[in-house]
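[1] Sequence below, structure please.
(one chain, ligands or ions: 2)
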Amino acid sequence: MVAPSYAEIVNAPKALLHDHLDGGLRPATIVELAAEIGHELPETDPDALGRWFSAAADSGSLERYLETFGHTVAVMQTAAALRRVAAECALDLALDGVVYAEVRYAPEQHLENGLTLAEVVEAVLAGFAEGTAQAAALGRTIRIGCLLTAMRHAARSMEIAELAVAYRDAGVVGFDIAGAEAGYPPTRHLDAFEYLQRENFHFTIHAGEAFGLPSIWQAIQWCGADRLGHGVRIVDDIGPAESAGGLGGGRRLGRLAAYVRDKRIPLELCPSSNVQTGAAPSIAEHPIGLLRDLRFRATVNTDNRLMSGTSMSREMALLVEAFGYGWAELQWFTINAMKSAFIPFDERLAIINDTIKPAYAKLIGTA
Ligand SMILES: O=c1[nH]cnc2c1ncn2[C@H]1C[C@H](O)[C@@H](CO)O1
Ligand SMILES: [Zn+2]
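    Ligands and ions are numbered 1, 2, ... in the order given. Purely as a prediction, here's the structure:
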């Protein structure tokens, strides 16, 4: 079998569930926007700035990784800037062959210049529509769903949950909480999650990244999360091989890991980001290999394209290199993501059947 090349991976349709708007700006855009408002950057040459972000985020600690967002959030404080960043995000993803993406950001972080929460949401949605149209004009089809994030150390989750529900028919498809995990359990935001459940809305929770099983357990069993943002530490509940045979070579699953697998709870795995924050030692040693062998509902994601100097195609290519994956595995990850998306079932099915399966059938050679 010839391994999928990077160029072929770019052309293959991909689905992305976990990508932060404020973690994916083009370095050149940051330089321009910062100059407009007089924000001081550590580097003013776009290439050097891109390298600065990857190096600064490569700290081995989630808290230090998150500090780099100070510069991106600073230049995203006007409607025009938010719209531009969102449009470029949609276009960049489409040109990378992403056909479905859920992009998230925290509206509460964009109020420093007097925008209201509703103005922030509307600027970003307008930008996604603009970038989607630009991509279509270039022959690239992308569907973007937006997730609104509340910061877990703050106290605005109920307000942001209400905002997400208010914009559910305008392009917001779900809710999330993010930020430093240790010390800020998801149960602090239980009222917001209970509200979302009563509204029949969807949400994911960043859990099991910097902190382990208790955080995953709370996210699922107390908060009712539909998906886990990262969730990579679920491996802490998977024992060593006890016997040969079976999926995953006789590994024993603890109660929580078994529940996550049995209920097909999607894991939004972000390989490069996890290596940078110290959640995984390397791509080759990333638990995604084991989780795929055990047939968890694993998905591949970028998290923060700027901070990791990555793209959806690059994450896939890294897995091809590290685990010897071929088109069948890349299709499996892509369909897993599409099955786990927060848009309606019929729309998910249409993307799987009309776009993903025919393209991979050709690549696998069964078309
Ligand atoms: O990987 C992450 N873990 C927790 N929080 C994160 C991660 N990546 C980004 N964030 C935070 C920083 C952003 O400002 C915020 C909203 O996108 O979400
Ligand atoms: Zn994230």
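[2] ok, which residues in the protein are in contact with ligand 1?
    Contact residues (CB under 6 Å from any ligand atom) of the chain with ligand 1: 20, 22-23, 62, 66, 69, 73, 104-106, 109, 149, 178-179, 206, 209, 273, 303-304. (Glycine included, C-beta is placed from N, CA and C.)
[3] Tell me the helices and strands packed up against the lowest-mean-pLDDT helix or strand in the chain.
    Ranking every helix and strand in the chain by mean pLDDT, DSSP states H and E puts helix 62-67 at the bottom, with a mean of 88. Contacts defined by 3 or more CB pairs under 8 Å, 6 or more residues apart in numbering; DSSP states H and E place helix 62-67 against helix 46-57, helix 271-277.
[4] Let me know the average pLDDT across the very next helix or strand once past it.
    For helix 62-67, the following helix or strand on the C-terminal side (DSSP states H and E) is helix 69-74. Average pLDDT, helix 69-74: 98.
[5] Need the contact partners of helix 69-74.
    Contact with helix 69-74 is made by 22-23, 25, 30, 34, 37, 39, 41-42, 53, 109-110, 306, as judged by CB atoms under 8 Å, 6 or more residues apart in numbering.
[6] Determine which two of the residues you listed are furthest apart.
    Greatest spatial distance in the contacts of helix 69-74: P42 and H110, 21.4 Å, computed using CB to CB.
[7] if you count what's nearby, which of the two comes out ahead?
    Between P42 and H110, counting by other CB atoms under 10 Å, H110 is the more crowded of the two (24 against 12).
[8] what about that one, distance to G224?
    Remark: distance between H110 and G224 (CB to CB, to the nearest Å) = 27 Å.
[9] ranges for the strands of the protein?
    For the chain, the strands defined by DSSP state E occupy 14-20, 98-105, 143-151, 172-178, 204-207, 227-230, 238-241, 251-253, 267-269, 298-300.
[10] so what strands line up beside the longest one?
    What it means is strand 143-151. When sheet partners are counted by DSSP bridges, strand 143-151 sits next to strand 98-105 (parallel), strand 172-178 (parallel).
[11] Could I get the average pLDDT for the shortest one?
    Strand 172-178 shows an average pLDDT of 98 in the prediction.
[12] hmm, back to that, out of the strands of the chain, which gets nearest to R348?
    Comparing the strands of the chain by CB to CB, strand 98-105 comes nearest, at 8.3 Å.
[13] Going by neighbour count, list what's buried in stretch 37-48.
    41, 43 (16 or more other CB atoms under 10 Å).
[14] Just the residues contacting that stretch, thanks.
    For stretch 37-48, using CB under 8 Å, 6+ apart, the contacting residues are 26-28, 30-31, 33-35, 49, 51-52, 56, 71, 74-75, 77.
[15] can you rerun that using 10 Å?
    Here stretch 37-48 makes contact (CB atoms under 10 Å, 6 or more residues apart in numbering) with 26-35, 49-53, 55-56, 68, 70-71, 74-75, 77-78, 81, 113.
[16] Buried by neighbour count, from the residues you listed: which ones?
    26-27, 29-31, 33-34, 49-50, 52-53, 56, 68, 71, 74-75, 77-78, 81.
[17] how much space between the residue of the stretch 201-350 of the chain found nearest ligand 1 and Q134?
    Nearest residue of the stretch 201-350 of the chain to ligand 1: H206, at 4.6 Å (CB to the nearest ligand atom). From H206 across to Q134, the span is 30 Å (CB to CB).
[18] Which of these two has more residues huddled nearby?
    H206 (29 against 16).
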